[in-house]
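Enquirer: I need the structure of the sequence given here:
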Amino acid sequence: MGLFGKKKTDGTTSTTGGMTGATTTTTTTTTTRATAGWQVDCDCGFMLRDHNKDETVQLTKTHVKTSHGQTITDAEALKRARTVTF
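Expert: A predicted model of the protein is given here:
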């Protein structure tokens with residue numbers, strides 16, 4: 001920590017500099033790693049997010065069948081999906 005450093009419990013470190021009275025504060029930030037996935041936004045307001053492409057396709061086909069009474073192919077379902085980071 002150095003001569004004047006004190007570790008705080010909130011993850012920050014404060015240092016007071018001797019005769020000048022200067023104070024330096026360092027904050028440690030925890031980051032989360034973003035992951036890629038698939039998202040489908042339907043005109044009816046339905047939104048689907050999934051990390052697995054195959055599950056996204058199947059869930060999209062199920063939504064279209066149950067909510068809109070239509071049958072679509074895997075390729076059509078995949079066309080409705082886009083890659084996202086979340």
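Enquirer: Give me the below-cutoff pLDDT ranges for the chain.
Expert: By pLDDT under 70, the low-scoring segments of the chain are 1-30.
Enquirer: how does this structure divide up, domain by domain?
Expert: What automatic domain parsing lists as the domains of the chain is 1-30, 36-85.
Enquirer: measure the last one end to end?
Expert: End-to-end distance for domain 36-85, by CA to CA, to the nearest Å: 4 Å.
Enquirer: And for stretch 34-52?
Expert: Terminal residues of stretch 34-52 lie 15 Å apart, using CA to CA.
Enquirer: What are the contacting residues of it?
Expert: Residues outside stretch 34-52 that contact it (CB atoms under 8 Å, 6 or more residues apart in numbering): 53, 56, 59-60, 63-64, 67-68, 77, 80-86. Bear in mind the C-beta positions are built from the backbone N, C-alpha and C, glycine included.
Enquirer: Find the pair from the residues you listed with maximum spatial separation.
Expert: Pairwise distances among these were taken by CB to CB; the largest, 28.2 Å, belongs to 68 and 85.
Enquirer: ok, these two, which is more surrounded?
Expert: residue 68 (13 against 8; other CB atoms under 10 Å).
Enquirer: what about residue 83, neighbour count?
Expert: Counted by other CB under 10 Å, the residues lying close to residue 83 total 9.
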